[in-house]
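**Student:** curious how this folds, go ahead:
(one chain, ligands or ions: 1)
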Amino acid sequence: MNLENVFKNNEKWIKAKLSEDGEFFDELGKGQNPELLYIGCSDSRVTAEELMGMGPGEVFVHRNIANMVISIDLNVMSVVNYAVNHLKVNHVVVCGHYACGGVKAAMQSADLGILNPWLRNIRDVYRIHRDELNDIDDEDKKYDRLVELNVQEQCVNLIKTAAVQKAYRDRGLKVYGWVFDVHTGKLIDLNIDFEGILKEIMEIYHLD
Ligand SMILES: [Zn+2]
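**Tutor:** A predicted model of the protein is given here:
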């Protein structure tokens, strides 16, 4: 890879944007008003804005290994709080993907050093859904299902936050769980029952 090309590509991109809209960068410089918070995996194949056909200014993005929402991770919690409370996004998406290396690593018995505490959160998802997962004989299908269940549990983790609970009550914010299929390019809506989960967990996790 020649990094010189990055700057040449950037020049071409600027020209292309300006030929579509001469004011593009003037508008971009005025500030951001995205309506969507996207929490995805750091995997280089899952490109956030590009796979949704969106561009600069349209999505607030957070990516980490295996699209995790961990309540003591200051990074993801700062992103959620800023996007929900200050940017006032009304849609929060957790987007996982099939063939996720983070999820795969959590299915194996190996000491991965500093990654252990991070991946332990995915092992917890496995434990919660052990009966369903152990009933799946095909290893690939089990892996795909764990990817989906991990997305679902990260949505649950979002719903446990005060920011999401308050924004739901005040302006109807919603949480969505999606999976990107790297084999076909298709984005799949898992149709997470946001209101059902919210109602069910409020008994214990009600904060606001
Ligand atoms: Zn991944």
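**Student:** in three-state terms, label the most centrally placed residue in the chain for me.
**Tutor:** In the chain, the residue lying closest to the centroid (C-alpha atoms, centre = their mean) is Ile39, at 2.3 Å. Of the three states, Ile39 takes strand under DSSP: H, G, I helix; E, B strand; the rest coil.
**Student:** pull the contacting residues for the residue nearest to Leu173 when sequence neighbours are not counted.
**Tutor:** In space, Leu173 comes closest to Ala167 once its chain neighbours are excluded; the distance is 3.8 Å by C-beta to C-beta, 6 or more residues apart in numbering. In this view, the C-beta of every residue, glycine as well, is placed from N, C-alpha and C. Shown in contact with Ala167 (C-beta atoms under 8 Å, 6 or more residues apart in numbering): 84-85, 88, 90, 173.
**Student:** and if we set it to 10 Å?
**Tutor:** 83-85, 88-90, 92, 161, 173-175, 208 (C-beta atoms under 10 Å, 6 or more residues apart in numbering).
**Student:** would you mind listing which of those are buried?
**Tutor:** The neighbour count (16 or more other C-beta atoms under 10 Å) marks 83-84, 89, 92, 161, 173, 175 as buried among these.
**Student:** for the residue nearest to Leu173, give its distance to Ile39.
**Tutor:** 15 Å (C-beta to C-beta, to the nearest Å).
**Student:** again with Arg171
**Tutor:** Counting by C-beta to C-beta, the gap from Arg171 to Ile39 is 19 Å.
**Student:** which residues of the chain lie near the ion?
**Tutor:** 41, 43, 100, 102 (C-beta under 5 Å from the ion).
**Student:** hmm, try it at 8 Å
**Tutor:** By the rule C-beta under 8 Å from the ion, the part of the chain lying against the ion is 41-43, 46, 65-67, 96-97, 99-103.
**Student:** switch the residues you listed over to CSV; also include pLDDT, secondary structure and neighbour count.
**Tutor:** Below are the residues of the chain next to the ion laid out as CSV (pLDDT from 0 to 100; DSSP: H, G, I helix; E, B strand; the rest coil; neighbours: other C-beta atoms under 10 Å):
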residue, pLDDT, secondary structure, neighbour count
Cys41, 98, strand, 25
Ser42, 97, coil, 13
Asp43, 97, coil, 19
Val46, 94, coil, 21
Ile65, 97, coil, 18
Ala66, 98, coil, 26
Asn67, 98, coil, 30
Gly96, 98, strand, 30
His97, 98, strand, 26
Ala99, 97, coil, 17
Cys100, 97, coil, 27
Gly101, 96, helix, 13
Gly102, 95, helix, 23
Val103, 96, helix, 27
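**Student:** can you pull the buried residues of the helix or strand of the chain with the lowest mean pLDDT?
**Tutor:** The weakest-scoring helix or strand in the chain, judged by mean pLDDT, DSSP states H and E, is helix 194-205 (a mean of 84). Within helix 194-205, the residues scored as buried using 16+ other C-beta under 10 Å are 194, 197-198.
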